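In: Got a sequence here, can you build the structure:
(one chain, ligands or ions: 1)
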Amino acid sequence: MVQIENSAFAVNEKGYYGNFGGAYIPEMLYPNVQELKENYLKIIYDPGFQEEFHQLLKDFVGRPTPLYFAKRLSEKYKTNVYLKREDLCHTGAHKLNNTVGQILLAKKLGKHKIVAETGAGQHGVATATVCALMGLECIVYMGEIDIQRQAPNVARMKMLGAEVRPAKSGSKTLKDATNEAMRHWINNPVDTHYIIGSVVGPHPYPDMVARFQSVISEEIRAQLLEKTGKETPDYVIACVGGGSNAAGAYFHFLDEPSVKIIAAEAAGHGVLSGKSAATTFLGKKGILHGSKSLLMQTEDGQVVEPHSISAGLDYPGIGPLHAHLWESGRAQFYAITDEESLKAGFELSKLEGIIPAIESSHALAVLNHLNAKSDETVVIALSGRGDKDLDTYMKFL
Ligand SMILES: *Cc1c(COP(=O)(O)O)cnc(C)c1O
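Out: Alright, predicted model coming up:
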């Protein structure tokens, strides 16, 4: 992990990216967050930690993931498309990069219990996986409705030895599970670490998760150099739910003005349809999960229920780094509809023999909007594999 402290897009000491970020937390949570803030950089850049982290990324997660030149897709779009194959990570997506990092950090902090929340269950599975790996106790809060909707992931978590606790308040979905997980952490500050699954939450979580995921762009640079003779592409494209796979894919390119940073958000049925999750198009400044960012809200500040065909992008906010990339104009955002993403998913399957996660299909669909030239290089973060989405794809067939 390369340390870059002088980046124009690094978090500042107070935990802000431009106007976004910070730690807006109840007083009861302050000691936990403070402990993390004071220790995370020291711990993760310790050579012993780095060695253990990279060993696990290699042997347990399966890194480096390939950077694959998609020949037939490139022919179709008359440009040079490379796919960063996070779909080949253990458990099927990039999420394990972060949970492996955080479980090692938890151990260094002397914590032996882990709490997490999950919506669709992907982050819950990634957390349960590393808890099994390290023999730590794992409690995952999940909305009661999500438990019914996501039975296979609930089964996976249980098989891995985690306890899945239903959140029965409010809408019984992700937001309520988050509240319960935070409450649990407040009540168990000494022995428990809270693993957040994306670049969201109070500082230092967004920065910490981005650093763990930055291995993605570190590898892309080396692989591009080997394949094309040049370390930087013309475009890097990733889907943004909370924004962790995107943060990882962008990280080592943010200070390279020649690299265009592209984000795909979920437009759902359409940005103006009332059933959307396109936060930069619909959101306003506000506070969600402990940080100031953009979020979809009503006039009086109540969070609006988002909609996306993809569970991983069905989130009413984005991480503060991405809000800053949007406000500063460093990144360009596209809103991709459910239907566009489905088409892109079928296209990749048939042209390249790779069935992408429906989240990743949103990033692929951007190719239709880009007009990249024949001598340009486009890197797309293929955040996950599509096995979990077969029912969704089949309904469209
Ligand atoms: C969870 C998930 C996402 C969305 O999360 P980010 O933090 O925005 O990366 C995207 N793709 C896949 C495959 C996921 O599992």
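
In: from what I can see residue 60 touches residue 100, true?
Out: Yes. Using C-beta atoms under 8 Å, residue 60 is in contact with residue 100, at 6.9 Å. C-beta: built from backbone N, CA, C; applies to glycine.

In: For those two, work out which one has more neighbours and name it.
Out: residue 100 (26 against 15; other C-beta atoms under 10 Å).

In: Regarding that one, which helix or strand does it belong to?
Out: When secondary structure is defined using DSSP states H and E, the element that contains residue 100 is helix 95-108.

In: and the next helix or strand after that helix with the ligand, contact?
Out: Using DSSP H and E, the next helix or strand after helix 95-108 towards the C-terminus is strand 113-118. No. Applying C-beta under 6 Å from any ligand atom, one finds strand 113-118 separated from the ligand by no less than 9.6 Å.

In: And strand 113-118, what does it pack against?
Out: Here strand 113-118 is seen to pack against helix 122-134, strand 137-143, helix 174-187, strand 192-194 when contacts are counted using 3 or more C-beta pairs under 8 Å, 6 or more residues apart in numbering; DSSP states H and E.

In: Buried ones in the third one, by neighbour count?
Out: Neighbour counts over helix 174-187 (16 or more other C-beta atoms under 10 Å) mark 174-186 as buried.

In: Same list, those residues, but as JSON lines with pLDDT and distance to residue 291 please.
Out: Formatted as JSON lines, the buried residues of helix 174-187 follow (pLDDT from 0 to 100; distance: C-beta to C-beta, whole Å):
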{"residue": "174", "pLDDT": "86", "distance to residue 291": "16"}
{"residue": "175", "pLDDT": "84", "distance to residue 291": "15"}
{"residue": "176", "pLDDT": "88", "distance to residue 291": "19"}
{"residue": "177", "pLDDT": "93", "distance to residue 291": "18"}
{"residue": "178", "pLDDT": "91", "distance to residue 291": "13"}
{"residue": "179", "pLDDT": "90", "distance to residue 291": "15"}
{"residue": "180", "pLDDT": "94", "distance to residue 291": "19"}
{"residue": "181", "pLDDT": "95", "distance to residue 291": "16"}
{"residue": "182", "pLDDT": "93", "distance to residue 291": "13"}
{"residue": "183", "pLDDT": "94", "distance to residue 291": "18"}
{"residue": "184", "pLDDT": "96", "distance to residue 291": "20"}
{"residue": "185", "pLDDT": "95", "distance to residue 291": "16"}
{"residue": "186", "pLDDT": "93", "distance to residue 291": "17"}
